[in-house]
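I need the structure of the sequence given here:
(one chain, ligands or ions: 2)
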Amino acid sequence: MRELTTISQLHLHAGQSVWIGCWLNGKRSSGKIQFLQLRDGTGYIQGVVVKSEVVEASWEAAKTLTQESSLYVRGIVREEPRSPSGYELTVEEIEIIQVTQDYPITPKEHGVDYLMDRRHLWLRAPKQRAILVIRAEIIRAIQAFFDERGFTLVDPPILTPSSCEGTTNLFHTKYFDEDAYLTQSGQLYMEAAAMALGKVYSFGPTFRAEKSKTRRHLIEFWMIEPEMAFVDHEENLRVQEQFIAYVVQRVLSNCRLELETIGRDVSKLEAIQAPFPRITYDEAIRLLQEQGQEIQWGEDFGAPHETAIAATYDRPVFITHYPASFKAFYMKPDPTRPEVVLCADMIAPEGYGEIIGGSQRIDDPELLAERFSEHELSVEAYQWYLDLRQYGTVPHSGFGLGLERTVAWICGLDHVRETIAFPRMLYRLYP
Ligand code: 4AD
Ligand code: MG
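Ligands and ions are numbered 1, 2, ... in the order given. I've put the predicted structure just below:
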């Protein structure tokens, strides 16, 4: 193979002749000049083919190129202040790999179902590429945040014998002669890891067989789950707000071009600075009732409630101290008011809903045993988890961030389906 340069590296080769491997995005022609819009995954560049300056074969090759044709181009890198990248390629030679026929995604508007059926090709669109680049930067920022603060990355299992977040939405599978489930959350395992390593985090896929067809729900999504020994509810919230502010600032610093490609209003992101506002569940209920919404103390919030609460803030808001009655069995009750728990959901601004769920965990063995019988959980199946409260129990807290909802919010997207390369949704397993 010949030595190739990437479009993102062209600035290092100004004035030089280089080869790139690329696809044709689009083409314009004005008689003696053809303008090729080229992309190679790392960026975009215009290739200028002047009839009088190339051999006949290259001129003719350029003429046959169609959208998404693949090719090698040799050209001289020229500074071009009018181009978004600052450069242009004066084409010297073209070698076609394939002339594509009838590429199904044309510059005209297509419906979402049409595009989702062709997700494997839709990924090539500039907006889709930009989202995946931002997603990758968000993941790097997440890992950097925890790595720099002394957390150890631990991978919980994906096949599990029991549930973490309740049994209604588990994916069942056989594990030889036993029953197994795809993990809904690695939390319980991360609690064990925190007792071994102090501060830990996991990053991996989680699965929920939720019959929800909303713009916030995926069947398979990626979660970041930190768990911290000797950390209480208050400190848990401080870590979360610093974490989210850090991730947003990293994207603002490193993904300017991509944010511009997707048309994100960056002033909204610039406002994301810690500390974040906090309101209790009680206050949130009062706020909603004052707005005339039909909701009573003891009921969980739906998406419209969350949106209404978040609407008064320019940054994420914590809703804390939910009733124990509808929250997970492992959440620690508030010692001054045991009917509510030391938990918080972080609600993103602009209507993106809950991006984090977290809590201080029950550390008292007797209380945990009580919760087990109330929730009719099998002591046998969870003996290992109960062991953690027998052998050196300590106060500890943690949380889970949903990656796709975070990407949707940071990118300002209408729907989580565009936040992951191949989304798994209620009615979609293809491609
Ligand atoms: O609030 P959840 O269910 O919390 C847990 O699973 C805890 N065990 C986490 C922990 O404390 N370690 O889920 C956490 C986050 C939600 O806030 C949301 O962002 C995301 O995961 N999430 C989903 N994202 C996309 N599609 C779904 N179906 C999701 N369900 C939850
Ligand atoms: Mg939740």
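
which residues does the residue lying closest to Thr5 once chain neighbours are set aside contact?
Sequence neighbours aside, Val18 is the residue nearest to Thr5 in space, at 4.3 Å (criterion: Cβ to Cβ, 6 or more residues apart in numbering). (Each C-beta comes from the backbone N, C-alpha and C, glycine too.) Residues near Val18 by Cβ atoms under 8 Å, 6 or more residues apart in numbering: 4-5, 10, 74-77.

secondary structure element holding Val18?
When elements are defined using DSSP states H and E, Val18 is found to belong to strand 17-29.

again with Gln128
helix 126-148.

what helices or strands is that helix leaning on?
With contacts defined as 3 or more Cβ pairs under 8 Å, 6 or more residues apart in numbering; DSSP states H and E, the secondary structure elements packing on helix 126-148 are strand 152-153, strand 199-207, helix 233-254, helix 256-261, helix 403-411.

neighbours around His110, how many?
15 (other Cβ atoms under 10 Å).

and Leu132, by the same measure?
Neighbouring residues of Leu132 were enumerated by other Cβ under 10 Å; the total is 16.

so what's the residue of the chain most remote from its centre closest to, chain neighbours aside?
Centroid-distance maximum for the chain: Ser52 at 48.9 Å, with Cα atoms, centre = their mean. Leaving aside its sequence neighbours, Ser52 sits nearest to Lys32 (Cβ to Cβ, 6+ apart; 6.9 Å).

what sits against the one you found?
With contacts defined as Cβ under 8 Å, 6+ apart, the neighbours of Lys32 are 50-52.

for the stretch 51-200 of the chain, what lies in contact range of ligand 1?
Selection of the stretch 51-200 of the chain residues close to ligand 1 by Cβ under 6 Å from any ligand atom yields 164-165, 185, 187.

go again using 8 Å as the cut-off
Residues of the stretch 51-200 of the chain lying close to ligand 1 (Cβ under 8 Å from any ligand atom) are 164-165, 184-187, 190.

buried subset of those as a PyMOL selection?
Listed next is the PyMOL selection for buried residues among these, using 16 or more other Cβ atoms under 10 Å:
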select buried, resi 164+165+184+185+186+187+190
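
adding pLDDT and secondary structure, write the residues of the stretch 51-200 of the chain next to ligand 1 out as a markdown table.
Supplementary listing: these in a markdown table, determined by pLDDT from 0 to 100; DSSP: H, G, I helix; E, B strand; the rest coil:
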| residue | pLDDT | secondary structure |
| --- | --- | --- |
| Cys164 | 81 | coil |
| Glu165 | 84 | coil |
| Gln184 | 96 | coil |
| Ser185 | 97 | coil |
| Gly186 | 98 | coil |
| Gln187 | 98 | helix |
| Met190 | 98 | helix |
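
can you check what angle separates the helix or strand encompassing Leu38 from strand 17-29?
Following DSSP H and E, one finds Leu38 within strand 33-39. Interaxial angle, strand 33-39 versus strand 17-29 (axes from the mean of the first three to the mean of the last three Cα atoms, to 10 degrees): 110 degrees.

helices or strands next to strand 33-39 in the packing?
strand 17-29, strand 44-50, helix 56-64.

so for stretch 210-221, what gets flagged as buried?
With the criterion 16+ other Cβ under 10 Å, stretch 210-221 contains buried residues 216-221.

quick one, which of the helices and strands packed on helix 126-148 is packed in tightest?
Among these, helix 403-411 has the highest mean neighbour count (mean count of other Cβ atoms under 10 Å), at a mean of 25.

do that helix and ligand 1 meet?
Yes. Interface with ligand 1: helix 403-411 contributes 403-406 (Cβ under 8 Å from any ligand atom).

save those residues as a markdown table, and put in pLDDT too.
Compiled in a markdown table, the residues of helix 403-411 next to ligand 1 are given as follows (pLDDT from 0 to 100):
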| residue | pLDDT |
| --- | --- |
| Leu403 | 98 |
| Glu404 | 98 |
| Arg405 | 98 |
| Thr406 | 98 |
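
nearest to Thr312, of those?
Nearest to Thr312 among the residues of helix 403-411 next to ligand 1 is Arg405, at 20.0 Å by Cβ to Cβ.

let me see the contact set for that closest one.
With Cβ under 8 Å, 6+ apart, Arg405 has these contacts: 216, 221, 348, 352-355, 416, 419.

how about a cut-off of 6 Å?
Remark: with contacts taken as Cβ atoms under 6 Å, 6 or more residues apart in numbering, Arg405 is in contact with Ile355.

got the residue ranges for the strands in the stretch 201-350 of the chain?
Under the criterion DSSP state E, counting those that start in this stretch, the stretch 201-350 of the chain contains strands at 220-229, 278-280, 317-320, 333-334, 337-341, 343-348.
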